[in-house]
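> Let's see this in three dimensions:
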Amino acid sequence: MSTFGKYRRITVREVLSGSQEGKELRLGGWVRTVRAGKEVIFLELNDGSCFASMQVVVASASPVAAVAEKLGTGACVEVAGKIVASPAAGQQWELEAKEIRLLGAADSSYPLQKKHHSLEFLRSIAHLRPRTNTFGAVFRVRSALAFAIHTFFQERGFLYVNTPIITANDCEGAGELFRVTTLDPLSPPHTESGSIDWEKDFFGERTGLTVSGQLQAELFATAFGSVYTFGPTFRAENSNTSRHIAEFWMVEPEMAFADLEADAELAEDFLRFLVGYALENCAEDLGFFDRRIEPGLLKRLEQLKNAGFQTMSYTEAVAALEKSREHFEFPVSWGMDLCSEHERWLTEKFVGGPVFVIDYPKDIKAFYMRQNDDGRTVAAMDLLVPRVGEIIGGSQREERPERLENRINELGIKNLPWYLDIRRWGTCPHAGFGLGFERLLMYITGMENIRDVIPFPRTPGNAKF
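Numbering: from 1, shown residues only. Take a look at the predicted model:
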């Protein structure tokens, strides 16, 4: 009779986190390695619940050995047996197998055999890469930090709002939306002037996938005070850099009765909380990244967690860059947007830690940012950190209806009467910021390519899986 029914299924994480010695239980997982000795067969079993695997010991004389010997890397099994103290160094427990049930075999064509695989190769098998050490660690950290984001805002009384994925507005004004349409691409309807008649489309106008939930979050902030969005956003940029993907996740809080200073204070608290949460709750996975991906990662995260965050104006930043003796690839001058090399120099060499750069030129920032009294700058802020540069960008929003309407007209932006309404009726100072979740994950894990911190990356020419 099978022993499986009387044994409670447990995860490897549960076994390793408490004393289970002598207990009879069952584990389910995927075989990482099989090693056969004269008297014992060893299986390394991983179930994804933690970084570590469980060593399963099978006596060669046991009837179970016939099953164990035929197992290949990648096979899915359930193992029933007893937890005993392990005599081997580096592990506290092992499982003495009494029964093994093969649930899914894997032959020698399984692409994740026990050898080194490049990250580029693993991107080509994104459906299997979560079974590797590296990506198991990445996606456990991703899950933990997604929970931490909600924890941070819920503990501070923020309302979680789900903003639209399909929208008729381009928040950034860049025109880089993915179009959403039901019109026949080969024979769309036309107006009398010959242009496409978008009124005949499903929504009666041109629509696309959202680049940001900010504008809608502002509406909710004027009713609930403090809100946040956390969801997918899209950019139709034909970019193939290690920092860009077409679909990514954004965290966007919005606060009524707040100015730029309050916005920066929230951003500092938020980043410090997330880094601290990862250090406390993802220690095993971060330890792997520190050993194998970015030596010194843990030290860097600890330094940021305890660092003082400085503030400087854009004008001061440009002056410092111009006076430096660095040979930048892109020479800096007032009025241009700062590049990654400028941001990293400021935080790594000039300040020596995280820094807020505030009050950017109006002409390089979005229409909704509050105009400063000098007529040249807006109340914007970017939080720069070592190694990455910008990690958070935000602003105080323009709450004065005349100023906002003039700016919208100046830039030729349309379809925003509802956005102006909240300035006409019950307006108030408000502010918010955006944090790209994948950029954060790159910073916390040390992974250098954004494609490696999202389960199924969407890039130009690639929408597999």
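> Out of the helices and strands in this protein, which is least certain?
Every helix and strand of the chain was ranked by mean pLDDT, DSSP states H and E. The lowest is strand 8-9, at a mean of 80.
> other SSEs contacting it?
strand 24-36 (3 or more Cβ pairs under 8 Å, 6 or more residues apart in numbering; DSSP states H and E). In this view, the C-beta of every residue, glycine as well, is placed from N, C-alpha and C.
> residues making contact with the helix or strand just after the strand it packs on?
Sequence-wise, the next helix or strand downstream of strand 24-36 (DSSP states H and E) is strand 40-46. Applying Cβ atoms under 8 Å, 6 or more residues apart in numbering, the set of residues contacting strand 40-46 from outside is 12, 27, 29-36, 52-60, 65, 68-69, 71, 77, 79, 95, 97, 131, 136.
> Tell me the buried residues in strand 40-46?
By neighbour count on 16 or more other Cβ atoms under 10 Å, the buried set for strand 40-46 is I41, F42, L43, E44, L45, N46.
> now those as CSV including pLDDT and distance to I83?
Shown next, in CSV, are the buried residues of strand 40-46 (pLDDT from 0 to 100; distance: Cβ to Cβ, whole Å):
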residue, pLDDT, distance to I83
I41, 96, 18
F42, 95, 15
L43, 96, 15
E44, 96, 16
L45, 97, 13
N46, 97, 16
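> P189: which of those residues is nearest?
For the buried residues of strand 40-46, the minimum distance to P189 (Cβ to Cβ) is 55.3 Å, reached by N46.
> Leaving out sequence neighbours, find the closest residue to the closest one.
Nearest residue to N46 in three dimensions, chain neighbours excluded: S53, at 4.2 Å (Cβ to Cβ, 6 or more residues apart in numbering).
> Kindly report the same for V378.
Closest to V378 by Cβ to Cβ, 6+ apart is M369, at 3.9 Å.
> Report the separation between the one you found and Y360.
M369 sits 8 Å away from Y360, going by Cβ to Cβ, to the nearest Å.
> Which stretches in the stretch 1-150 of the chain count as strands?
Taking DSSP state E, counting those that start in this stretch as the criterion, the stretch 1-150 of the chain contains strands spanning 8-9, 24-36, 40-46, 54-59, 76-85, 93-104.
> Among these, which comes closest to P354?
Here strand 40-46 is closest among the strands of the stretch 1-150 of the chain (Cβ to Cβ), at 36.3 Å.
> What pairs with that closest one, parallel or antiparallel?
Strand pairing for strand 40-46, determined by DSSP bridges: strand 24-36 (antiparallel), strand 54-59 (antiparallel).
> out of those, deepest packed?
strand 54-59 (a mean of 21; mean count of other Cβ atoms under 10 Å).
> got the CA coordinates for it in PDB?
Once non-C-alpha atoms are left out, strand 54-59 reads as follows in PDB (Å, rounded to 0.1, in the frame of the first residue of the first chain):
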ATOM      1  CA  MET A  54      16.500  19.100  -0.200                       C
ATOM      2  CA  GLN A  55      18.900  16.200  -0.300                       C
ATOM      3  CA  VAL A  56      16.900  12.900  -0.700                       C
ATOM      4  CA  VAL A  57      18.800   9.800   0.300                       C
ATOM      5  CA  VAL A  58      17.800   6.400  -1.300                       C
ATOM      6  CA  ALA A  59      19.500   3.200  -0.100                       C
END
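> chain center to that strand: distance?
36 Å (Cα atoms, centre = their mean, to the nearest Å).
> Show residues contacting that strand.
Taking Cβ under 8 Å, 6+ apart as the rule, strand 54-59 contacts 12, 15-16, 27, 29, 39-47, 64-65, 68, 79, 81, 86, 88, 91, 93-97, 100.
> Show me the shaky parts of the stretch 1-150 of the chain.
The stretch 1-150 of the chain contains residues with pLDDT under 70 at 1-6.
> All the helices of the protein, residue numbers only.
12-17, 65-68, 119-124, 133-155, 214-224, 260-281, 283-292, 297-306, 314-323, 340-345, 401-411, 417-424, 437-445 (DSSP state H).
> Skipping adjacent residues, who's closest to A320 in space?
A320's closest residue in space is F350 (Cβ to Cβ, 6+ apart), at 5.4 Å.
> wait, I meant D452
Nearest in space to D452, with sequence neighbours left out and distances taken as Cβ to Cβ, 6+ apart, is L119 at 5.7 Å.
> Same check on L16?
Nearest residue to L16 in three dimensions, chain neighbours excluded: A52, at 5.9 Å (Cβ to Cβ, 6+ apart).
> so that neighbour sits right up against D285, yeah?
No - applying Cβ atoms under 8 Å, one finds A52 not in contact with D285, separated by 10.4 Å.
> between these two, which one's more packed in?
Neighbour tally, A52 and D285, criterion other Cβ atoms under 10 Å: the higher count belongs to D285, 23 against 17.
> How about the contacts made by that one?
With contact taken as Cβ under 8 Å, 6+ apart, D285 is in contact with F51, G136, A137, V138, R140, V141.
> Now do the same contact list for the residue nearest to D452.
The neighbourhood of L119, defined by Cβ under 8 Å, 6+ apart, consists of T134, N449, D452.
> Could you do V138 as well?
By Cβ under 8 Å, 6+ apart, the contact set of V138 is D285, L441, T445, M447, D452, V453.
> How about residues contacting the least confident helix or strand of the chain?
Among residues not part of strand 8-9, those counted as contacts by Cβ under 8 Å, 6+ apart are L25, R26, L27, G28, E78.
> The first one reaches G18, doesn't it?
No - L25 sits out of contact with G18 when judged by Cβ under 8 Å, with a separation of 11.9 Å.
> Thanks a lot, catch you later.
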